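Visitor: Build me a model:
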Amino acid sequence: MEDCVFCKIAAGDIPSNKAYEDDTVLAFYDLDPQAPVHVLLIPKEHIPSVMDITPENSQVVAHIFEVAARLAPQLGLENGFRIVNNCGKDGMQTVQHLHFHLLGKKQMGWPPFPPEG
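Guide: Next up, the predicted model:
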């Protein structure tokens, strides 16, 4: 997708602060961190969202989670972390490229957002 910002980051057309990269996955630090550690994990292949995962491309999600497991100790997340995926309009997905937020180095609350009131 030529207009996809994450495709441009994966291609190296837009610089990023990389935490990890291989042939399939790129992990980079979020520009607007919501936790002391906030890394985005994306497939280099353009997959718009979780709703577009198929038997043909689903292996990339497993690989992303393998990367998260290897990356977490390097980021100092031995006490735990949260992985978040926003999917679709109601899920507040703002970039239409599959991505996971790896968040840590702080105690996470539950529910993640305060109730409306």
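Visitor: OK, contacts around the closest residue to residue 5 other than its chain neighbours?
Guide: Excluding the flanking residues, the one nearest residue 5 by CB to CB, 6 or more residues apart in numbering is residue 95, at 6.0 Å. Using the backbone N, CA and C atoms, a C-beta is placed for each residue, glycine as well. Contact partners of residue 95, counting by CB atoms under 8 Å, 6 or more residues apart in numbering, are 4-6.
Visitor: any chance of the residues you listed in a markdown table, with pLDDT and secondary structure too?
Guide: Formatted as a markdown table, the contacts of residue 95 follow (pLDDT from 0 to 100; DSSP: H, G, I helix; E, B strand; the rest coil):
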| residue | pLDDT | secondary structure |
| --- | --- | --- |
| 4 | 96 | coil |
| 5 | 96 | helix |
| 6 | 96 | helix |
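Visitor: Could you identify the buried members of the residues you listed?
Guide: Buried by 16 or more other CB atoms under 10 Å: residue 6, out of the contacts of residue 95.
Visitor: part of a strand, is the residue nearest to residue 5?
Guide: No: assigned with DSSP: H, G, I helix; E, B strand; the rest coil, residue 95 falls outside any strand and is coil.
Visitor: Apart from its chain neighbours, what residue comes closest to residue 84?
Guide: The nearest residue in space to residue 84 (CB to CB, 6+ apart) is residue 101, at 4.3 Å.
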